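[1] When you get a sec, could you give me coordinates for this:
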Amino acid sequence: MVKVTFLGTADQIPSAKRNHTGILLNYKEENILIDCGEGMQRQFRIARLNPCRITRILITHFHGDHTLGLTGILQTLALSGYNKTLYIYGPKGIKEFMRKLLDTFPFRCDYEIRVEEAKGKFFTGEDFYLSSEEMSHGCICNAYSFVKIGQRRIDKAKLKKLKVETGPHLQELKRGKNIQYKGKKYLAKDLTYVEEDSKISVVLDTTVNDRIVPFVKNSDLFISESTFGSELKEKALEHNHMTVVDAAKIAKKAKVKKLILTHISQRYEANLKDVLSQAKEFFPNSILVKDFDSIEI
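    Numbering: from 1, shown residues only. From the prediction side, this is the model:
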C-alpha cells in the first residue's frame, strides 16, 4: 500500500486554510516529501506525523513556495535526533542551491545530507523506483513519478485446487521458476500472476508540454497543479502554468485512473466546486484536495 498525504495545497500565496506545497508519500519504510513549502515542519505537527521518518526530499523547482520550508525541516531533524542519511534530489542546480541555503542558515547538523541531481530514473529500491522529467516553468523544473513494481504472486486458489501444499518449493514459483512437486511438474505461468505496476505522478508548476502525457501515462494517481481556471488561460500562460482544464485533458489523454488537483489559488476558495467541475467536464474521476487529505492505493 502507498499512502499520499497532502501537507500543503496552496499556490504561491498561502491562505488561512491552505499551506504552501508539500506532498508526503509513504511506502513501507520510505517517507518521501515532494516539495517543502514554508511552514512544513508545523504541518507535520498538525498532521501528527513524525518528520524524523523522512527518508528523501524531492524538489520540483527553486521557487520559494516550494522550498522555503527546507531550512526549518532540516533544523527540526537536527534537534530531534535524526540519525539517518537524508537524500535531497532536485533539478539541475540543486547542489548549488543547497550549498547556498546551508551557508545562509548555518546550524549544527549531526546527520549526513546527500544532495543529488534527479534526471530520468534516478533511484531504484527493492521493489520501486523514482523517475523525473523536465518541465517548462520559465526556470529549471522537474516532475516526479513513484512506481511500485508489480510483483509475481502465487494463485492460492489454483494451488488448493491442484492440492499443492505450502513449503519451500513455493519460493521457486515466486521467482518465476517451474517446480517439481510429488513427482509432477508445475509451470510457474500456470500458478502465478504478475501484478501491474502502481504509479503516482506529480506534475506541479509548468506550462503544457509534450513531455507530460508520456511521463504520467497510465498513472494510478496524477497529481497536478491547478492554479488557474480556464477563464484565466492567458494569465496562466503568462505565469508559465497550466489551467485546470489543461490538467484534465492531459489526464484523459494519458489514460490515468484518477486526477488529483492541488496548488490551488486563494481566489477559488469560495468556489472550489466550480473549479472541480471544470476538471470533471473532461475527466470525471477528478478530486480537489485540501490540506491533510490522504489517499491510499
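[2] ok, for K217, nearest residue in space, not its chain neighbours?
    Using CB to CB, 6 or more residues apart in numbering and skipping the chain neighbours, the partner closest in space to K217 is A254 (4.6 Å). C-betas here are computed from N, CA, C, even on glycine.
[3] any idea how far L102 is from that neighbour?
    Noted for A254: a distance of 38 Å to L102, by CB to CB, to the nearest Å.
[4] Tell me which of these two has more neighbours.
    Just comparing A254 and L102: by other CB atoms under 10 Å the higher neighbour count belongs to A254, 19 against 16.
[5] okay but the more buried one is in contact with L221, surely?
    No: judged on CB atoms under 8 Å, A254 makes no contact with L221 at a distance of 11.8 Å.
[6] got the contact list for the residue nearest to K217?
    Applying CB atoms under 8 Å, 6 or more residues apart in numbering, we find A254 in contact with 212-214, 216-219, 222.
[7] out of the residues you listed, which is most surrounded?
    Within the contacts of A254, most neighbours by other CB under 10 Å means F222, with 30 neighbours.
[8] Is that one in contact with V203, as I believe?
    Yes: contact criterion CB under 8 Å: F222 and V203 qualify, at 7.3 Å.
[9] what do these two both touch?
    216, 247.
[10] start to end distance for stretch 285-297?
    With CA to CA, to the nearest Å applied, stretch 285-297 spans 15 Å between its terminal residues.
[11] can you check stretch 37-56 too?
    15 Å.
[12] Name the SS class of L276, please.
    Per DSSP: H, G, I helix; E, B strand; the rest coil, the local secondary structure of L276 is helix.
[13] before we move on, the earlier item: of the contacts of A254, just say which sits nearest to V194.
    N218 (15.4 Å; CB to CB).
[14] What residue, apart from its backbone neighbours, is nearest the closest one spatially?
    K255 (5.7 Å).
[15] For S219, see how far away the one you found is.
    K255 is 9 Å from S219, by CB to CB.
[16] With K121 instead?
    16 Å.
[17] now swap in V203 and tell me
    10 Å.
[18] now N83
    From N83 to S219 the distance is 34 Å (CB to CB).
[19] can you name the farthest residue from the center of the protein?
    G183 (48.1 Å; CA atoms, centre = their mean).
[20] Now do the same for that one: its pLDDT.
    Per-residue pLDDT puts G183 at 78.
[21] do K160 as well
    So K160 comes in at 79 (pLDDT).
[22] go on, I73?
    Reading off the model, I73 has pLDDT 96.
[23] Which residues outside whichever strand or helix holds it are in contact with it?
    Using DSSP states H and E, I73 falls within helix 70-79. Outside of helix 70-79, the residues within contact range by CB under 8 Å, 6+ apart are 33, 36, 39-41, 51-52, 54, 57, 59, 86, 101-102, 105, 107-111, 113.
[24] Give me the three-state assignment for N209.
    With three-state DSSP as the criterion, N209 reads coil.
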